[in-house]
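In: below is the sequence, then the predicted model.
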Amino acid sequence: ALYATYLGGANGDGCTGIAVDANGSAYVLGYTSSINFPTQNAIQPFFGGGAVDSFVARISDPDTNPPVILAASNYGDSNVVTLDFSETLDVASATNATHYTIDHDVTVSSVTMGVNSKTVRVLTSGLTNGVIYALTVNDVLDRAPVPNPIAPDTHVAFTALGLYRGFLHQEVYAGIDSYN
């Protein structure tokens, strides 16, 4: 990522370090002797006196894109559906079981974060191999500075797959002739 901005006041200011987080926000560490150094929601919103004050500033690009579901699968586990999202998720909203429903009278008992901050595991009452399910998601937020909600009543369809000798197994029979 490329970042460009002016950060400083009228007097001597300097940067001593920069770091970038997983969301793309840049954190700038430094010092200032400017009485007009820009602040927003600062613990100390004005110059404290002495030779210099230190600062940590976060610079981010506003994220206005809502999360979308990229994939859904049970990966052979009849009690778990894994959902992959396009963005990092707010843990509290993403793990709220009331935000997920599945058709065919499947009950969602709990939701946990998956292997990363864009994946959730939906624990269910059980899925039947070969059945196509529709999963509906509401009220899940991303981790943008101003969180974006998933589109209302977002639906995703998936076919439940079973395990056979440790491998995903789905039987498909087509074009079979009868020999009487």
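Out: Noted; the coordinates are in hand.
In: what ranges do the helices span in this structure?
Out: 91-94 (DSSP state H).
In: helix or strand with the lowest mean pLDDT in this protein?
Out: strand 167-169 (a mean of 53; mean pLDDT, DSSP states H and E).
In: give me every residue that touches A4.
Out: Not one residue lies near A4 by Cβ atoms under 8 Å, 6 or more residues apart in numbering. (C-beta placed from N, C-alpha, C; glycine too.)
In: quick one, what contacts L7?
Out: D13, V28, P38, A57, I59.
In: give me the phi and psi angles of the third one.
Out: Dihedral angles phi and psi of P38 (degrees, to the nearest 10) take the values phi -70, psi 130.
In: measure how buried it is and give me the count.
Out: Look at P38: counted by other Cβ atoms under 10 Å, it has 13 neighbours.
In: I figured it hits D13, correct?
Out: No. Taking Cβ atoms under 8 Å as the definition, P38 is not a contact partner of D13, at 10.3 Å.
In: hang on, the earlier thing: okay, the contacts of L7 in JSON lines with distance to H155 and pLDDT next?
Out: Shown next, in JSON lines, are the contacts of L7 (distance: Cβ to Cβ, whole Å; pLDDT from 0 to 100):
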{"residue": "D13", "distance to H155": "51", "pLDDT": "90"}
{"residue": "V28", "distance to H155": "42", "pLDDT": "92"}
{"residue": "P38", "distance to H155": "44", "pLDDT": "85"}
{"residue": "A57", "distance to H155": "41", "pLDDT": "88"}
{"residue": "I59", "distance to H155": "37", "pLDDT": "84"}
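In: and for stretch 113-122, what's in contact with it?
Out: 22, 80-89, 91, 94-95, 97, 100, 102, 108, 111-112, 135, 143.
In: start to end distance for that stretch?
Out: End-to-end distance of stretch 113-122 (Cα to Cα, to the nearest Å): 9 Å.
In: mind starting the numbering at 347 from now?
Out: New numbering, starting at 347: the last item is stretch 459-468.
In: good, wrapping up.
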